[in-house]
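Visitor: Quick one, fold the following:
(one chain, ligands or ions: 2)
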Amino acid sequence: MVYVMINTMFHILKARRMFHKRYLVLIILLLVLLNIALLVIWKLSVIESGIDKLQILKESLELHKDKLQLTEQQVLLLQQLEAEKHHQNRPIIYCITPTYWRYVQRAELTRISQTLKLIQNIHWIVIEDAAKKSDIVRNVISESKLIATHLVAQTASFEKFKDKNPKAKRHRGVEQRNAALNWLRDNLVLGKDKGVVYFMDDDNTYNIKLFDEMAKIKKVGVWPVGLVGGLNAETPIVDRTTGKVTGYRSGWLPNRPFAIDMAGFAISLDLILSIKNANFSYEMAKGMQESEFLSFFTTKEELEPLADQCTKVYVWHTRTEKPKVSGIIPGLEV
Ligand code: UDP
Ligand code: MN
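Guide: Ligands and ions are numbered 1, 2, ... in the order given. Model (predicted):
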């Protein structure tokens, strides 16, 4: 290239009879320098685009590194931690869901897991009333991509027998809720882990606004529950001027120390972790599980009424009708 350029210049100059040996040397020198400069610039740009490509490769490796090395739940946990940076003041809400096999189980769990997907900072604890973990529950949890803990705790067989006598309706969810409480106490640290604990049965219906209310809880928060106890809703009665709970409207024993359904309260994790002996029990009288459990933690005067001073219903004690299944289509799992 240099040779061609020099040759061309030489012929031009010669043709114009402006040839002078000194000028020629100078021009040649300038052209050589120009060429060297062009060559250096070109080389540098090649190296630079190589570095760019390497950088992109490195970043994409970095991006996939987590996925290659961590389990799906761990990746979710990292993503959740990332999201938590934007919700740093929001506590984690530990939702405790006892569940047992019946035809509607997958439908119930799908429904509530998809409610939970709409909320930040959820840790779903699902406890199967079964001897071992089932594929139905395992699949719903993994499809939900929620941070979740899957446990099993079987209801004692003597309690199950009570079903034969409709007057002695057995306690439901006792063993399962206790298993979740044990898990919290074994795995979380008082003072370090912060959160709220909510007993979230698999068949109720939850408005996502309820979880915003729970985020305000200092010790124990309470709110109305729709469609329960033979009423359109049960609710704590709130004194408008003091903002304190003075009593309860409940279709079932309103004079209980806490006449509140399982869906109508949530408790700070600090309290759950510090009062370790607070549990549910088969010994408790019928309909007294909630009241006796709450008595471990608080008094009526201390309750924190939420949902606009208990004027809004954000949870309904819905019960799914038992379907009559008279035939099974092979290969289709419900
Ligand atoms: N449950 C359970 N084992 C049972 C019956 C119920 O684990 O044998 C669970 C159920 O899935 C629900 C909770 O315990 O999450 C409360 O049960 P249920 O909704 O039947 O009670 P109710 O609506 O009568 O309070
Ligand atoms: Mn129920």
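
Visitor: Contact partners for residue 222?
Guide: 236, 245, 260, 264, 265, 303, 304, 305, 306, 310 (C-beta atoms under 8 Å, 6 or more residues apart in numbering). From N, CA and C alone the C-beta is placed, and that goes for glycine too.

Visitor: Now render those as CSV, adding pLDDT, distance to ligand 2 and secondary structure.
Guide: Shown next, in CSV, are the contacts of residue 222 (pLDDT from 0 to 100; distance: C-beta to the ion, whole Å; DSSP: H, G, I helix; E, B strand; the rest coil):
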residue, pLDDT, distance to ligand 2, secondary structure
236, 98, 20, strand
245, 98, 24, strand
260, 98, 15, coil
264, 98, 13, helix
265, 98, 16, strand
303, 98, 23, coil
304, 98, 24, strand
305, 98, 23, strand
306, 98, 21, coil
310, 98, 21, helix
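
Visitor: Identify the residue of the stretch 1-150 of the chain closest to ligand 2, quick one.
Guide: As assessed by C-beta to the ion, ligand 2 sits closest to residue 108 within the stretch 1-150 of the chain, at 9.3 Å.

Visitor: where does that residue land in three-state SS?
Guide: Three-state call for residue 108 (DSSP: H, G, I helix; E, B strand; the rest coil): helix.

Visitor: Closest to ligand 1 out of the contacts of residue 222?
Guide: Of all the contacts of residue 222, residue 264 has the smallest distance to ligand 1: 11.9 Å, by C-beta to the nearest ligand atom.

Visitor: contacting residues for that closest one?
Guide: Counting by C-beta under 8 Å, 6+ apart, the residues that residue 264 touches are 222, 223, 224, 225, 234, 236, 290, 315.

Visitor: which of these are buried?
Guide: The neighbour count (16 or more other C-beta atoms under 10 Å) marks 222, 223, 224, 225, 234, 236, 290, 315 as buried among these.

Visitor: who's in contact with the residue most central in space within the chain?
Guide: The residue lying closest to the centre of the chain (C-alpha atoms, centre = their mean) is residue 122, at 3.3 Å. The contact partners of residue 122, by C-beta under 8 Å, 6+ apart, come to 92, 93, 95, 116, 146, 147, 211.

Visitor: is it true that the fourth one touches residue 146?
Guide: By that I understand residue 116. Yes - using C-beta atoms under 8 Å, residue 116 is in contact with residue 146, at 5.7 Å.

Visitor: Now do the shared contacts for the two.
Guide: Contacts common to residue 116 and residue 146, judged by C-beta under 8 Å, 6+ apart, are 122, 124.

Visitor: Near ligand 1, which residues of the stretch 151-300 of the chain are found?
Guide: 155, 172, 173, 176, 201, 202, 203 (C-beta under 6 Å from any ligand atom).

Visitor: Inside helices: which ones of the residues you listed?
Guide: residue 176 (DSSP state H).

Visitor: Next, please give the residue ranges for the helices of the stretch 101-250 of the chain.
Guide: 105-116, 135-144, 157-161, 174-187, 209-214 (DSSP state H, counting those that start in this stretch).

Visitor: Can you flag the weakest of those by average pLDDT?
Guide: For the helices of the stretch 101-250 of the chain, mean pLDDT drops lowest on helix 157-161, to a mean of 75.

Visitor: which residue sits closest to residue 138, ignoring its sequence neighbours?
Guide: residue 150 (6.7 Å; C-beta to C-beta, 6 or more residues apart in numbering).

Visitor: Now for the one you found: which residues touch it?
Guide: 126, 128, 133, 137, 138, 141.
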